[in-house]
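**Q** Output the structure for:
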Amino acid sequence: MKEYNAIVVKSKAFALRIIKLYQMLNQKHEFILSKQMLRSGTSIGANIKEAIRSQTRADFYAKLFIALKEASETEYWLELLHESGYIDNDAAFQSIYSDCQEILSILAAITKTQKESRL
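**A** This next block holds a predicted model:
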């Protein structure tokens, strides 16, 4: 249960960083990609919270797998925003990108464990 608490805390902190990045990107008049990033980046934690309150093991796994897919999508939007020059601070990009990859790793490990225990 300890790793679930860690991912809840990390995903919420990440969502708050995504919101701040979204606000900064809007000041640069970038609205399309940043909106996609905002949607997927905040959805990670929401799906994790839903998973924790799930009624069945299958629902728990499904919600965590959705969170994993949203994290992967967020990683993609971050890459596009950086490579297109909207996120031009390399240190800031590396910091939030690293957080995203850490969340991806944790979710991948949890879903793998859940999948193996279902077999």
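**Q** what number of residues lie near Gln55?
**A** 7 (other Cβ atoms under 10 Å). Bear in mind the C-beta positions are built from the backbone N, C-alpha and C, glycine included.
**Q** What's the separation between it and Ala62?
**A** According to Cβ to Cβ, to the nearest Å, Gln55 stands 12 Å off from Ala62.
**Q** which ones are touching the residue nearest to the spatial centre of the chain?
**A** When Cα atoms, centre = their mean is applied to the chain, the residue found nearest the centroid is Ala71 (3.5 Å). Counting by Cβ atoms under 8 Å, 6 or more residues apart in numbering, Ala71 touches 40, 44, 100, 103-104, 107.
**Q** Buried by neighbour count: which residues of the top helix by length along the chain qualify?
**A** With residue count as the measure and DSSP state H as the assignment, the chain has helix 90-118 as its longest helix. Residues 93, 96-97, 99-100, 103-104, 106-107, 110-111, 114 are the ones in helix 90-118 that count as buried (16 or more other Cβ atoms under 10 Å).
**Q** again with stretch 35-50
**A** Using 16+ other Cβ under 10 Å as the test for burial, stretch 35-50 gives 37-38, 40-48, 50.
**Q** can you redo those as TSV with pLDDT, secondary structure and distance to Glu75?
**A** As requested, the buried residues of stretch 35-50 are exported to TSV (pLDDT from 0 to 100; DSSP: H, G, I helix; E, B strand; the rest coil; distance: Cβ to Cβ, whole Å):
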residue	pLDDT	secondary structure	distance to Glu75
Met37	98	helix	10
Leu38	98	helix	14
Ser40	98	helix	9
Gly41	98	helix	10
Thr42	98	helix	14
Ser43	98	helix	13
Ile44	98	helix	11
Gly45	98	helix	15
Ala46	98	helix	17
Asn47	98	helix	15
Ile48	97	helix	16
Glu50	96	helix	21
